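> got a predicted structure plus its sequence, pasted below:
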Amino acid sequence: MTETFKAYLQSEGKSRSTVDRYWQHVIHFINWLDQDGTDVEDTTAKEVLSYLHELQKQGDGNVTRNLKLNAIRQFFNYQIKHGYRRGNPIQHLKLQGTKTRKLYPILSAQELAELHHQYITKDRPNRERNKLILSLMVHQGLTTTEVNHLQVHDLNLREGTLYIAGSRKSNERTLELKSHQMLDLMNYSYQLRPQLLELQQVPGSTYLFLASPQSGKAREVVFRGRERLQVWKGLSKELQSQHTKFINFKQVRASVITHWLKQYNLREVQYMAGHRYVSSTEAYLVNQIDDLQHDIDKYHPL
């Protein structure tokens, strides 16, 4: 059973160190159960709470006990998968005093739209490109890395879709484009991109979004066989000056995924976000929980 549980944890995307640590926590819990002759398959929330109380008496703090609780929860999920138990009695059990870190302050749908629409292009190809990039981040939830690696052939204007290649950390996916994005992408592909392509040191580049000269330089620096798309730092500063709530592009993606979770089911959002594991998608649910807790604290204080 040792290797089988470890294999389960690995399939859930846990690192080797986490797998080993979780296994040690579970073994300690099972040994504790053996003292009273309790079978792990018959364990209920009552036994788990007693175990956590015992850990507290031994000096374990809330953070440490919560880590061990997570390990036991994973073990129960493993048992369910293999038919050893029917339900997880501690699925939603959480210790008080272990505050979950919120991913980012979530931007509203209106604030996301303003982030894109209020960006001023000044009829310059590079700024038109930047506004289009913002559109893909706001509507399709792309990361900066994904934008950097988009290829011309990833864009299908006939079908109105965009293909995002998978990586070591993400799955591939094909997302629908909004109708208003189609005209902008067509204009960029057939008019603006050729202008930027003429400025490249790498002739015939197949990247969808191309770099442009900066700081008075005639050419961008060639980086690993392509011209680096050096837009993120400058674009981030621009947006921070225009929108007081904007922090960075990770915040934008967190906001997009959080809003998706209110419209689509978990598996659909997992696909749209390109998450390899559904647990990565579930992590964004904390934003909804925190918003609910804020309303409770504000309108129904104890």
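Cool, got the structure. Numbering: from 1, shown residues only.

> check contacts around residue 154.
Residue 154 makes contact with 162, 163, 164, 165, 208 under the criterion C-beta atoms under 8 Å, 6 or more residues apart in numbering. Quick note: C-beta positions are derived from backbone N, CA and C, even for glycine.

> per-residue pLDDT, it?
Model confidence at residue 154, given as pLDDT, is 97.

> how much space separates it from residue 207?
Here residue 154 is placed at a distance of 10 Å from residue 207 (C-beta to C-beta, to the nearest Å).

> circling back to that earlier point, show the buried residues in the contacts of residue 154.
162, 164, 208 (16 or more other C-beta atoms under 10 Å).

> could you list the low-pLDDT ranges of this structure?
The chain contains residues with pLDDT under 70 at 1-3, 96-103, 201-203, 213-229, 286-302.

> residue boundaries of the helices in it?
Ranges of helices in the chain, per DSSP state H, are 2-11, 16-34, 45-57, 62-81, 109-117, 125-140, 144-149, 179-187, 193-197, 232-242, 249-261, 266-273, 278-282, 285-299.

> list the buried residues for the third one?
Within helix 45-57, the residues that count as buried by 16+ other C-beta under 10 Å are 47, 48, 51, 52, 55.

> which one of those sits closest to residue 94?
Of all those, residue 52 has the smallest distance to residue 94: 11.2 Å, by C-beta to C-beta.

> just confirm that closest one contacts residue 62, I think it does.
No: Residue 52 sits out of contact with residue 62 when judged by C-beta atoms under 8 Å, with a separation of 9.6 Å.

> which ones are touching the nearest residue to residue 72 once chain neighbours are set aside?
Distances taken as C-beta to C-beta, 6 or more residues apart in numbering put residue 29 closest to residue 72, at 5.6 Å, once the chain neighbours are dropped. Taking C-beta under 8 Å, 6+ apart, we find residue 29 in contact with 40, 51, 68, 71, 72, 75.

> could I get these as TSV with distance to residue 171?
Converted to TSV, these look like this (distance: C-beta to C-beta, whole Å):
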residue	distance to residue 171
40	34
51	37
68	31
71	26
72	29
75	27
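
> farthest-separated two in these?
Farthest pair in the contacts of residue 29 (C-beta to C-beta) is 40 and 68. Separation: 14.6 Å.

> next, work out how far apart residue 81 and residue 88 are.
11 Å.

> oh, I was asking about residue 192
Relative to residue 88, and taking C-beta to C-beta, residue 192 is found at 53 Å.

> now do residue 39
Residue 39 sits 16 Å away from residue 88, taking C-beta to C-beta as the criterion.
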